[in-house]
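**Q** Sequence and predicted structure, then a few things I'm wondering about:
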Amino acid sequence: MNHKVTSYDVALAAGVSRSAVSLVLNGKADGVISAENQRAVREAAERLGYRPNRVARSLRDSRTHLLGVVTDVTSGPYGGGMITGATIRAAESDHLLLVMDAQECRHDEERAIEALLARQVDGLIVAPGSLREWTPPKAFGQVPGVLLDATDPDGRATCVVGDETGGGYAATRLLLDAGHRDIALLTGLPAQVATGRRLAGHERAMRGSGGRCRVVTCGWDIDDGLREGARLLDGPDRPTGIVCANDRVAAGVILAAARLGIDVPDGLSVVGYDDDPSIAAQLDLSTIGLPHRAMGERAVELLLSAISGGQLEPGELLVPAPVLRRGSVRMV
């Protein structure tokens with residue numbers, strides 16, 4: 001029978017006490033255990049293949065070291081990034097995520113929360129999918145909780161969201177900074193929260209620029225960009241730059257321009273949104289990224305702080321949207 005490595009074995013190998021091993025491996029050794037002894041403990045633990053007893057640790061600190069996640073977006077280039085960021089950040093602090101995939105149904109989300117609470121998670125993250133309003137049920141307040149890519153209409157929850165207004169501003173600035181003053185904006189659907197915020201950022205960028213802007217309600221798909229792009233470009237009074245609701249719409253605009261013999265970027269500059277991994281780089285498209293991975297990381301950081309006694313402040317915490325400058329924008 002193989003001998004199970006214990007903290008006592010690690011202490012003997014490192015030449016320290018068992019309490020020192022506990023302090024080092026639980027991240028509480030700074031200022032108490034010398035750097036040399038900390039290094040000796042970690043090397044001994046790795047060499048011996050020591051794995052701490054998580055059950056015993058949970059009994060000691062009355063925590064499960066589990067974080068519950070309720071989401072409609074467990075995979076894909078966008079929602080998957082949030083889960084990846086959250087998972088990595090949790091693991092760095094020796095926590096695990098329990099992820100429950102809920103359909104876009106209020107009842108399913110509440111049931112998922114109850115199921116996670118029954119498993120005694122230390123905290124909750126709810127990511128309903130696609131920035132929208134979500135009112136937390138009473139059960140959400142039983143442990144520290146954070147909304148991810150969602151807003152609380154009552155303003156009581158801590159919400160981690162991408163800075164869509166700042167992203168809309170940055171998208172338009174890409175054209176303004178390149179000298180464009182005749183710009184069109186193809187927006188997403190009006191009912192979507194992101195649409196209104198990006199429009200507000202666009203209007204802020206245009207204010208005082210001396211430029212002309214046409215705002216066209218479009219949609220989110222390639223066909224929408226193709227249709228509205230053709231209408232804008234098929235005539236003498238066409239804009240020199242177009243900001244698009246997302247990268248799919250931008251692809252449609254670029255296709256419309258090609259059909260009309262207009263070169264991008266020589267005859268038209270185009271900016272997208274999302275940094276879609278299957279579109280943006282392939283089209284050399286300047287775009288605004290969605291900071292989903294950073295949002296997932298930040299949500300976990302806030303949750304861990306609250307679990308350790310910190311305070312969760314109500315309201316929105318905005319995560320900046322990265323700007324990707326590529327070849328679809330040219331100076332005029």
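**A** The structure has been received and is ready for your questions.
**Q** you'd agree Ala90 is up against Leu98?
**A** No. Assessed by CB atoms under 8 Å, Ala90 is found out of contact with Leu98, at 10.4 Å. All C-beta atoms are positioned from the backbone trio N, CA, C, and that covers glycine.
**Q** These two - which one has more neighbours?
**A** Residue environment comparison for Ala90 versus Leu98 gives the larger neighbour count to Ala90, 25 against 16, counting by other CB atoms under 10 Å.
**Q** which residue sits closest to the residue nearest the centre of the chain in space, ignoring its chain neighbours?
**A** Nearest residue to the geometric centre of the chain (CA atoms, centre = their mean): His292, 1.7 Å. In this structure, His292 finds its nearest non-sequential neighbour in Gly81, 3.6 Å apart by CB to CB, 6 or more residues apart in numbering.
**Q** Sticking with the one you found, tell me its helix or strand.
**A** Secondary-structure element containing Gly81, defined by DSSP states H and E: helix 79-92.
**Q** need the next SSE after that helix, C-terminal direction.
**A** Using DSSP H and E, the helix or strand that follows helix 79-92 towards the C-terminus is strand 96-101.
**Q** which stretches of this structure form strands?
**A** Across the chain, reading from the start of the chain, the strands by DSSP state E fall at 66-71, 96-101, 123-127, 132-133, 145-148, 150-151, 158-162, 182-187, 212-217, 241-244, 269-271, 287-288, 315-319, 323-324.
**Q** For burial, what's the neighbour tally of the residue lying closest to Thr84 once chain neighbours are set aside?
**A** Taking CB to CB, 6+ apart, and ignoring the residues beside it in sequence, Thr84 has Arg293 as its nearest neighbour in space, at 5.8 Å. For Arg293, the neighbour count with other CB under 10 Å is 20.
**Q** And for Pro320?
**A** With neighbours defined by other CB under 10 Å, the count for Pro320 comes to 13.
**Q** wait, isn't it in contact with Glu164?
**A** No. The pair formed by Pro320 and Glu164 falls short of the contact definition of CB under 8 Å, at 10.9 Å.
**Q** domains in this protein, as residue ranges please.
**A** Following automatic domain parsing, one finds the domains of the chain at 7-52, 63-162+292-321, 164-290.
**Q** which of these is buried the deepest?
**A** Per-residue neighbour counts averaged over each of those give the maximum for domain 164-290, namely a mean of 20 (mean count of other CB atoms under 10 Å).
**Q** Please consider this matter closed, and thank you.
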